[in-house]
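**Student:** Below are the sequence and a predicted model for it; my questions follow.
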Amino acid sequence: MRCLSALSIAALSLAAFAQETPRLAPGDRLPATGGVAQLEGAGGGGLVPWALITGYGTRDQVGGGAHFTRVDTGDFRLDSAGFALGLFDRAELSYARQHFNLGDTVPGEQIDMDIFGAKWRLLGDAVFDQDRWWPQVAVGLQYKRNQDYALVPKALGAERGSDWDAYLAATKVWLDGPFGRSLLANLTLRATRGNQMGLLGFGGDRSDRYKLMPEASLGVFLTDRVVLGAEYRTKPDNLSAFKEDDFQDAFLAWFPSKWVSVTAAWAGLGNIANKADQQGWYLSLQLTH
């Protein structure tokens, strides 16, 4: 029996969260300091995991949230749904299910992938260490299991259907940035063999080695609850069958309360399988405490 679809995961996660939230008080961290839900489930930007721990829990509290995200280029659609738990502003555990619709490239078929994540804050505080130059730094792991490896990825030359990503993230927030606006900057270095994040398997005929790929985010707080920013994510090019391009986006995240965030973005995804210049909209809803 196949695992639950991304829509089912989203419904269950959001329903469970909504049922529990009336009994909980939101954590004591500042709005937006847990980031939003990254496509692979971690706290961060839409494309890039940050060193920030998801939710609003302080060192004495537990936080977390549930999310549903959709990216649609017209030719392909990716849904991601799941939940994350932030433990005492020190550790993060996450799960996401991705559902990738292959459109007319392979009509009627899709690829599902499970992603289990863990993150540990090593040092620093991105917000409260304003008098120190160093950022908040965290190390993270993501175990990815492609449920449909034999369908397309193996035929394209991918070496395996499951693998680990490891990353080191550094995030800094300047509360008194340019023009009196708060500014967030993040740099992540990811060791990965993933093809299209793992949706097309891991490793390939061109390379089966881990590669260290940089990822970056930059955001400016237009208000305390609205963040305008951009991200860039480099990716390995392991398969000779199709060229793989980097990801980029420009996003607007709105945090109307500590319970809810909504992120809209334009995403440029480059070449995906046999379709060039893929770009489209990105929309994500997250419930947080």
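**Tutor:** Received it, and whenever you're ready, just let me know what you need. Residues are numbered from 1 along each chain as shown.
**Student:** where does the stretch 51-200 of the chain have low pLDDT?
**Tutor:** Along the stretch 51-200 of the chain, the model assigns pLDDT under 70 to no residue.
**Student:** elements contacting the helix or strand harbouring residue 112?
**Tutor:** Take DSSP states H and E as the rule and residue 112 turns out to sit in strand 110-123. When contacts are defined as 3 or more C-beta pairs under 8 Å, 6 or more residues apart in numbering; DSSP states H and E, strand 110-123 sits against strand 91-101, strand 136-146. (Each C-beta comes from the backbone N, C-alpha and C, glycine too.)
**Student:** name the helices or strands packed onto the last one?
**Tutor:** Spelled out, it's strand 136-146. Going by 3+ C-beta pairs under 8 Å, 6+ apart, strand 136-146 lies up against strand 110-123, strand 162-174.
**Student:** Direction included, what does the longest one pair up with?
**Tutor:** This means strand 110-123. Applying DSSP bridges to the sheet, strand 110-123 is found paired with strand 91-101 (antiparallel), strand 136-146 (antiparallel).
**Student:** Now do the contacts for residue 178.
**Tutor:** With contact taken as C-beta atoms under 8 Å, 6 or more residues apart in numbering, residue 178 is in contact with residue 220.
**Student:** quick revisit: closest one to residue 238 among the helices and strands packed on strand 136-146?
**Tutor:** Judged by C-beta to C-beta, the one of these that comes nearest to residue 238 is strand 162-174, at 11.3 Å.
**Student:** got the buried residues for that closest one?
**Tutor:** Applying a neighbour-count criterion of 16 or more other C-beta atoms under 10 Å, one finds 163, 165, 167-174 buried in strand 162-174.
**Student:** and those as JSON lines, adding distance to residue 221?
**Tutor:** JSON lines is the format used below for those (distance: C-beta to C-beta, whole Å):
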{"residue": "163", "distance to residue 221": "36"}
{"residue": "165", "distance to residue 221": "29"}
{"residue": "167", "distance to residue 221": "25"}
{"residue": "168", "distance to residue 221": "25"}
{"residue": "169", "distance to residue 221": "20"}
{"residue": "170", "distance to residue 221": "19"}
{"residue": "171", "distance to residue 221": "14"}
{"residue": "172", "distance to residue 221": "13"}
{"residue": "173", "distance to residue 221": "9"}
{"residue": "174", "distance to residue 221": "10"}
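**Student:** Just put the strands paired with strand 110-123 in JSON lines and tack on distance to residue 36 and mean neighbour count.
**Tutor:** What follows is the strands paired with strand 110-123, written out as JSON lines (distance: least, C-beta to C-beta, whole Å; neighbours: other C-beta atoms under 10 Å):
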{"stretch": "strand 91-101", "distance to residue 36": "13", "mean neighbour count": "22"}
{"stretch": "strand 136-146", "distance to residue 36": "16", "mean neighbour count": "21"}
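**Student:** quick one on the thing from earlier: mind checking the helices and strands packed on strand 136-146 for the one nearest to residue 36?
**Tutor:** Of all these, strand 162-174 sits nearest to residue 36, with 13.2 Å by C-beta to C-beta.
**Student:** Could you check how many residues crowd around residue 222?
**Tutor:** Other residues within reach of residue 222, judged by other C-beta atoms under 10 Å, total 13.
**Student:** for residue 106, same thing?
**Tutor:** Neighbour tally, residue 106, other C-beta under 10 Å: 15.
**Student:** Can you say which of the helices and strands packed on strand 136-146 is nearest to residue 134?
**Tutor:** When the helices and strands packed on strand 136-146 are compared for distance to residue 134 using C-beta to C-beta, the nearest one is strand 110-123, at 7.2 Å.
**Student:** and the angle for that closest one with strand 162-174?
**Tutor:** 50 degrees (axes from the mean of the first three to the mean of the last three C-alpha atoms, to 10 degrees).
**Student:** how about the strands in the stretch 151-289 of the chain?
**Tutor:** 162-174, 183-192, 211-223, 226-233, 247-254, 260-272, 275-288 (DSSP state E, counting those that start in this stretch).
**Student:** Having no further points to raise, I will conclude here.
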